[in-house]
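>>> any chance you could fold what I've pasted below:
(one chain, ligands or ions: 1)
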Amino acid sequence: MEPSDKTHLLLLGPDKPLITEGLAQRFIIHRLDSSGTLASGITSSIRAIALCGGHDPLNAEFMLRFPNLEIIASFGVGYDHIDATWAGEHGIIVTNTPDVLTEEVADTALGLLLCTVRELPQAERYLRAGKWLEKPYPLTCSSLRGRSVGIVGLGRIGSAIARRLEGFGVSLSYHNRNKRDVPYIYQASLLSLAREVDILIVVTPGGPETSSLVNFEILEALGPCGILINIGRGASVDEAALIRALKTKTILAAGLDVFNDEPHVPKELLEMGNVVLLPHVGSASMETRDAMARLLVDNLLSWKNGKGALTPVKETPAS
Ligand code: NAP
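Residues are numbered from 1 along each chain as shown. Got it, this is the predicted structure:
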């Protein structure tokens with residue numbers, strides 16, 4: 001294929017061979033230089049951006065640098081770091097990678113839940129420290145037996161978590177802005193959900209609408225035996241309120257895969273024994289990350305072939 005048939009594309013974020021190899025046939029790939037700029041004359045040629053990971057903001061100011069930008073293909077299902085509303089208003093397509101990561105993230109959520117409820121990482125550290133030789137690990141105050149679980153954000157991933165939890169015999173409730181046709185109890189407000197359940201799992205998207213959705217009042221409603229799991233976005237939980245709630249035993253424990261200022265985790269959380277902390281690994285298996293990379297590439301190839309994007313986000317057009 002002649003270079004003239006190729007479209008100029010800006011690749012942002014970490015190098016992923018599946019993405020660069022998948023795009024090389026049909027795109028001329030550019031990267032920003034160390035000062036964050038492109039050679040002059042190139043910016044107006046850029047029609048596509050491949051955002052290969054990381055959560056650096058991609059805002060209107062950045063998009064305006066590329067007057068002929070038509071599509072941004074992002075790696076990951078959450079796109080709160082992209083101003084998709086502005087993009088949509090300016091005819092720029094944004095795509096994400098839904099579905100292909102759903103089951104992996106749900107598996108991680110269940111692992112995090114079990115680790116938090118039964119203190120499995122703490123028990124493992126106890127064994128490694130040789131303390132088992134002195135006495136058995138203390139019994140955990142929490143258990144899944146007879147407990148009720150609430151999910152805030154019963155979308156693709158939330159539903160996959162709920163399906164897994166059905167097998168654990170817990171009672172299941174949820175809160176979304178919209179009631180769904182599912183066999184779980186709907187709570188019209190997050191506060192009423194937190195009052196009703198023992199364990200609250202947060203799987204909402206990031207962005208202004210969910211910022212600090214879980215505040216101190218919600219944690220108080222969850223109560224002293226309550227456990228919070230966050231696998232959605234760090235900003236959906238008021239981290240200072242959570243730290244206060246854990247310190248004052250307003251809630252019992254928390255399991256977190258996401259944080260406000262990743263990869264920085266507050267020292268207070270690092271020092272607490274009643275939290276389980278994961279470094280945002282919800283979808284982080286090679287298999288799933290490869291599937292996400294392929295979907296990013298397929299979105300760009302489908303758009304390039306005039307067939308429209310495969311998984312455009314709801315704020316933007318498909319073609
Ligand atoms: P989804 O299918 O769009 O589900 C999101 C759910 O959240 C929807 O059911 C939505 O229902 C609900 N929701 C949105 N805003 C809400 C609000 N203000 N209050 C209450 N509920 C609200 O998305 P998904 O594929 O399940 O992904 C969910 C999120 O998980 C992603 O956006 C991402 O941030 C996060 N995630 C994390 C990891 C990780 O590694 N930890 C990996 C993948 C994804 P309504 O519209 O009816 O409110």
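>>> for the residue most central in space within the chain, phi and psi?
In the chain, the centroid-proximal residue (C-alpha atoms, centre = their mean) is Gly232; its distance is 4.6 Å. Main-chain torsions, Gly232, degrees, to the nearest 10: phi -90, psi -90.
>>> in this structure it contacts Thr204, no?
Yes: look at Gly232 against Thr204 with C-beta atoms under 8 Å: they come within range, at 4.7 Å. Glycine gets a C-beta too; all of them are placed from N, C-alpha and C.
>>> show me what counts as buried in stretch 161-178.
Across stretch 161-178, burial judged by 16 or more other C-beta atoms under 10 Å covers Ile161, Ala162, Leu165, Val170, Leu172, Ser173, Tyr174, His175, Asn176.
>>> list the contacts of Pro224.
Lys249, Thr250, Ile251, Leu252 (C-beta atoms under 8 Å, 6 or more residues apart in numbering).
>>> so how many other residues sit close to the residue of the stretch 101-250 of the chain found nearest the ligand?
The nearest approach of the stretch 101-250 of the chain to the ligand comes at Gly155, 1.7 Å away (C-beta to the nearest ligand atom). Here the number of neighbours of Gly155 (other C-beta atoms under 10 Å) works out to 17.
>>> Cys141 too?
Neighbours of Cys141 (other C-beta under 10 Å): 12.
>>> quick one: pLDDT of it?
Looking at Cys141, its pLDDT reads 95.
>>> and if you look at Met1?
46.
>>> how about Leu127?
pLDDT, Leu127: 98.
>>> need phi/psi at it.
phi -60, psi -50.
>>> what sits closest to it if chain neighbours are left out?
Tyr137 (7.7 Å; C-beta to C-beta, 6 or more residues apart in numbering).
>>> test my guess that the one you found contacts Ala123.
Yes: Tyr137 is within contact range of Ala123, at 4.7 Å (criterion: C-beta under 8 Å).
>>> more crowded one of those two?
Set side by side, Tyr137 and Ala123 show more neighbours around Ala123, with 17 against 14, by other C-beta under 10 Å.
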